[in-house]
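> model this:
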Amino acid sequence: MTGPLRAVIVDDEPLARERLRTLLGERPGYALVAECPDGEAAVAVLARERPDVVFLDVEMPGLDGFGVLEALGDEAPLHVVFVTAFDRYAVRAFEVRALDYVLKPIQPARFDAALARVEARGGGGPAEWAAIQDLLHELRARRGYPSRLVVRSGAQVAFVPTDEVEWIEADGNYARIHTRGRDFLLRDTMRALEARLDPERFVRIHRSAIVNLDRIATVEPYFHGEYVVMLTGGRRLIASRTHAARLRDLLR
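Purely as a prediction, here's the structure:
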């Protein structure tokens, strides 16, 4: 190790941040570069600082720890040490995937064990991120669908409520979110985004279009089993024959 590992603490509880700060300060080889009181601040700070390790609270109001990692995508820190209250399911999920965690209230011995694993690995790499992604997919199914989407553009972070989304279109390998009067480019594929959204509220009508059912004004038959979908904002879209059946089922 050529220099101290740069660390960031993310926790909405002041006492928990103080505890982590104190424990980290007593361990040589680490430099605390930032603290974040919520997930929204953490996304911007982690993207900017690119620390070696982040101590990330799982349960936070608003954007929780899993939402932070989803927003960061493949730019997540090399090492993630999850900070959580006792939850047998979550702890088991961490252990199965060999991910690092500490339980609240944080004990020095457990904290040291997590640091030892961080230092032994020498770099998170694709394997650790793949395990985190697997965990996110599993826990997302238990937590339900998001009420808002996190969109990053450089250091700027936008939080888009899903009920304000009119439709989403494919933009190369990414997805462009259309709301009333503003667009957002989300660095995610249409397939991945479709899986994240509530299927009772959002429907794929074309390989390049997802619509919010609440924003549909009219649906009319078109040629060859296709449909013309008019949105409340005036946008005209075509539902392909391949996806028309799902649209008809939801509109019944």
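
> quick one: the helices in this protein?
For the chain, the helices defined by DSSP state H cover 14-25, 39-49, 65-72, 88-96, 108-121, 125-143, 190-196, 241-251.

> please name the nearest non-neighbouring residue to the residue positioned nearest the centre of the chain.
In the chain, the centroid-proximal residue (CA atoms, centre = their mean) is E70; its distance is 2.0 Å. Setting aside the residues directly before and after it, E70 is nearest to L136 in space (CB to CB, 6 or more residues apart in numbering), at 6.2 Å. All C-beta spots, glycine's among them, are computed from the backbone N, C-alpha and C.

> L69 is in contact with the one you found, correct?
Yes. Assessed by CB atoms under 8 Å, L136 is found in contact with L69 at 6.4 Å.

> show me where pLDDT drops low in the stretch 151-252 of the chain?
The stretch 151-252 of the chain contains residues with pLDDT under 70 at 154-155, 252.

> need the strands for it, in chain order.
156-161, 165-171, 174-179, 182-186, 202-206, 209-212, 216-221, 227-231, 236-239 (DSSP state E, counting those that start in this stretch).

> out of L136 and L69, which sits in the more crowded spot?
L69 (25 against 17; other CB atoms under 10 Å).

> the closest residue to that one other than its chain neighbours: what's it in contact with?
Distances taken as CB to CB, 6+ apart put A76 closest to L69, at 5.4 Å, once the chain neighbours are dropped. Shown in contact with A76 (CB atoms under 8 Å, 6 or more residues apart in numbering): L46, L69, W129, I132.

> any chance of those in a markdown table, with pLDDT and distance to Y222 too?
Formatted as a markdown table, those follow (pLDDT from 0 to 100; distance: CB to CB, whole Å):
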| residue | pLDDT | distance to Y222 |
| --- | --- | --- |
| L46 | 90 | 46 |
| L69 | 83 | 41 |
| W129 | 74 | 43 |
| I132 | 79 | 43 |
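
> now those residues in CSV, with distance to Y30?
Putting the contacts of A76 into CSV (distance: CB to CB, whole Å) gives the following:
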residue, distance to Y30
L46, 16
L69, 21
W129, 21
I132, 21
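
> for the residue nearest to E70, give its distance to D38.
19 Å (CB to CB, to the nearest Å).

> and what of D11?
Distance from D11 to D38, by CB to CB: 9 Å.

> overlap in contacts of the two?
In contact with both D11 and D38: M60, using CB under 8 Å, 6+ apart.

> can you count the residues close to the closest residue in space to T189 that isn't next to it in sequence?
The shortest distance from T189 to any non-neighbouring residue, by CB to CB, 6+ apart, is to N173 (6.3 Å). A total of 9 residues lie near N173 under the criterion other CB under 10 Å.

> can you give me phi and psi for N173?
Phi and psi for N173, reported as degrees, to the nearest 10, are phi -90, psi 0.

> that one is in contact with R191, isn't it?
No. With contact defined as CB under 8 Å, N173 does not count as touching R191 (10.6 Å).

> and the gap between V91 and H206?
Distance from V91 to H206, by CB to CB: 42 Å.

> now swap in V53 and tell me
42 Å.

> ok, now which ones touch the residue lying closest to G25 once chain neighbours are set aside?
Of all residues not flanking G25 in the chain, L32 sits nearest, at 7.2 Å (CB to CB, 6+ apart). The contact partners of L32, taken as CB under 8 Å, 6+ apart, are A7, V8, I9, R21, L24, G25.
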